[in-house]
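1. can you look at this prediction? I've put the sequence above it.
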Amino acid sequence: MGGRTRTVSASSDFSEYFHEINDRQVDDISIEFFYKPHTITLLLLSVGTMLYMAFTRDETVSHQNNIWTGMCCATFFFLVISVLTFPNGPFTRPHPALWRLVFGCSVLYLMFLVFILFQDYETVRSILVFFYPELQNFTIDMDESNWGQNCNPLTFDKIWSSLDIFAFAHLFGWMMKALLIRHYGLLWTISIMWEVTELLFAHLLPNFIECWWDAIILDILLCNGVGIYIGMKVCRWLEMRDYKWESIKDISTTSGKVKRALMQFTPESWIQVRWMDSDSPAKRVLSVSLLVIAWQLTELNTFFLKHVFQMPPHNPFNAIRILCLGPIVAPTIRQYYLYVTDRRVKRMGTQCWVYICITLSEAFICFKFGRELFKQTVVTNVLIWLLLQMVITFVCVYLCVTWNRRREIKDVGNDSGLGLNSSVLDTPQPGEGGRRPSPSADRSADLRRRAGGVSARDRLNAVASGAAPRRSVRLGGAVSEDGDRF
């Protein structure tokens, strides 16, 4: 009796690739206890906590305290359900539950924004006062910061006095942006365009008014430039590392086990991302341009929300929002990158989808509740801003494509001199003993090969030993999530 042959359609392959970036599973589990569901234990602990809080606390303290406690418990249960049901996203380190929790926080924040969008200004203001009573009598005019004053003459003391906590936060923020985007061209484009944005929106936001040396020296060169440089150097160092993970069970020494446990909080692997390719299609060029514009919009939302709802710079809401959006952006950028560069990914990741909704919802809230502010808008400045955004972004994209084309031609020439032609590198090798690898191994190898998932050190070692890694000479094109998980 003949066996039935199972066929796999192209659409199922596309769904599998989407599943890898939207709900990646852990490939190699060392300690199974940490990856078992534990749903019954979590249910008992959650219900027990709820019962304890409901029947032991004093409900006569205040009406506000009851509302606050109820909101905290509702948020707690929502996040528990998020850990149980939401997808992992593209990352698995240090644990998939962490990224399910991050996704739950993003959904919760989106629901909060949608609720705010359908309120009036006084209601929103009262909600903020409920959380932060110090806002009761605060107005934006009470901010006594001296914006753009005493610019000349330029002295070292002025620059030194400007290096406050916000400057170091600015530096750290650009280091994180470099770790996420990993492209000098895009990073410098976003950096320069943000200074242009501050200049053209200064008539609406007073804290955008700054001295010329503040914008050029402190922001672009020191905070942005040094942050980008450090972040990219960290990326290069991570690309050169050897990622050979040993199970904690196989380590005999206590110090080795502790080190392995701490290393769980580091990337599992790392590759060089390539936003631009020499033959980048129009979709990728447009998508990368939209990324730059969306980044500017996200930054603008931060300042407009603070100004429209009259919050001082040191208000905890600003810091909490930034700290929450930071982990949300990491899987968002990864999913967006794969959607743009990998032609097999036909759907946008859920975390990316939710983050886009968050950004647009914040913008809608700013427009709705800041109508009086936006009536003062100089239309010419906005039109110039939009024009510069499009022109500078497309110029950046064009230069990146041109640079990659020249570098690929040079790499092909160097590889041909070493005898590593593309036909050899792209040809899959049979398994040991003439056996064909399993379909899952084929898919994994294909993902790594398309991603360029071979570190620079591995490639140099392979060239020295005469065994070239199976990697395409042209590194552009589809890049899978297999090479970068953190």
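-> Ah, there it is.

2. switch to C-alpha atoms for all contacts and neighbour counts from now on
-> Will do.

3. confirm Leu101 sits in a helix?
-> Yes: judged by DSSP: H, G, I helix; E, B strand; the rest coil, Leu101 forms part of a helix.

4. that one against Leu79, yeah?
-> Yes: under the criterion of Cα atoms under 8 Å, Leu101 makes contact with Leu79 at 6.2 Å.

5. give me the element the residue lying closest to Ala97 once chain neighbours are set aside is part of.
-> Excluding its sequence neighbours, the residue lying closest to Ala97 (Cα to Cα, 6 or more residues apart in numbering) is Val83, at 5.6 Å. Using DSSP states H and E, Val83 falls within helix 63-85.

6. what's in contact with that helix?
-> By Cα atoms under 8 Å, 6 or more residues apart in numbering, the surrounding residues in contact with helix 63-85 are 37, 39, 46, 50, 59, 97-98, 100-101, 103-105, 108, 130.

7. and the residues you listed, which are buried?
-> 46, 50, 97-98, 100-101, 103-105, 108 (16 or more other Cα atoms under 10 Å).

8. just those residues now: which is nearest Cys396?
-> Ranked by distance to Cys396 (Cα to Cα), the buried ones among the contacts of helix 63-85 are led by Phe103 at 31.8 Å.

9. tell me, what's the model's pLDDT at the closest residue to that closest one other than its chain neighbours?
-> If the residues on either side of it in the chain are set aside, Phe103 comes closest to Gln351, at 6.4 Å by Cα to Cα, 6+ apart. Note for Gln351: predicted pLDDT of 93.

10. show me the contacts for Gln351.
-> With contacts defined as Cα under 8 Å, 6+ apart, Gln351 is in contact with 22, 89, 103, 106, 328, 331-332, 335.

11. if you set the cut-off to 7 Å instead, what comes out?
-> 103, 331-332 (Cα atoms under 7 Å, 6 or more residues apart in numbering).

12. tell me the SS of it?
-> Gln351 - assigned by three-state DSSP - is helix.

13. just to revisit the earlier point, pLDDT score for the residue nearest to Ala97?
-> On the pLDDT scale, Val83 gets 91.

14. what is the burial count for it?
-> 21 (other Cα atoms under 10 Å).

15. for the stretch 301-450 of the chain, what are the low-confidence residue spans?
-> 411-450 (pLDDT under 70).

16. now with 90?
-> Scanning the stretch 301-450 of the chain for pLDDT under 90 picks out the ranges 310-319, 323, 326, 338-349, 371-379, 381-382, 385-450.

17. tell me which of the buried ones among the contacts of helix 63-85 fall in helices.
-> 46, 50, 97-98, 100-101, 103-105, 108 (DSSP state H).

18. what residue is smack in the middle of the protein?
-> Ala330 (2.4 Å; Cα atoms, centre = their mean).

19. need the contacts of Gln351 in a markdown table with distance to Phe304, can you?
-> A markdown table is the format used below for those (distance: Cα to Cα, whole Å):
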| residue | distance to Phe304 |
| --- | --- |
| Phe103 | 25 |
| Pro331 | 25 |
| Thr332 | 23 |
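
20. nearest to Gly231, of these?
-> Nearest member of the contacts of Gln351 to Gly231, counting by Cα to Cα, is Pro331, at 17.6 Å.

21. OK, contacts around that closest one?
-> 89-90, 351.

22. list the helices and strands the helix or strand harbouring Ile116 packs on?
-> Take DSSP H and E as the rule and Ile116 turns out to sit in helix 96-117. The contact analysis (3 or more Cα pairs under 7 Å, 6 or more residues apart in numbering; DSSP states H and E) places helix 96-117 against helix 63-85, helix 316-341, helix 350-369.

23. what comes up buried for the last one?
-> Buried positions in helix 350-369, judged by neighbour count with 16+ other Cα under 10 Å: 350-352, 354-355, 357-369.

24. who does the longest helix anywhere in the chain touch, helix- and strand-wise?
-> Taking DSSP H as the criterion, the chain has its longest helix at helix 379-418. Here helix 379-418 touches helix 184-200, helix 282-308, going by 3+ Cα pairs under 7 Å, 6+ apart.

25. orientation of it relative to helix 282-308 in degrees?
-> Helix 379-418 and helix 282-308 are oriented at 140 degrees to each other (axes from the mean of the first three to the mean of the last three Cα atoms, to 10 degrees).

26. compute the inter-axis angle for helix 379-418 and helix 184-200.
-> Using the same axes, to 10 degrees: helix 379-418 against helix 184-200 is 170 degrees.

27. show me which residues of helix 379-418 are buried.
-> Buried-residue list, helix 379-418, by 16+ other Cα under 10 Å: 381, 385, 389-390, 392-394, 396-398, 400-402, 404-405, 408, 412.

28. do the same with stretch 183-191
-> 183, 185-191.

29. which residues touch the one helix or strand Lys259 maps to?
-> Applying DSSP H and E as the criterion places Lys259 in helix 254-263. The contact list for helix 254-263 (Cα under 7 Å, 6+ apart) reads 248, 251.

30. for His95, grab phi and psi.
-> In terms of degrees, to the nearest 10, the main-chain angles of His95 are phi -160, psi 140.

31. any idea how far the residue nearest to Thr197 when sequence neighbours are not counted lies from Gln296?
-> Distances taken as Cα to Cα, 6+ apart put Trp385 closest to Thr197, at 6.7 Å, once the chain neighbours are dropped. Distance, Trp385 to Gln296, by Cα to Cα, to the nearest Å: 11 Å.
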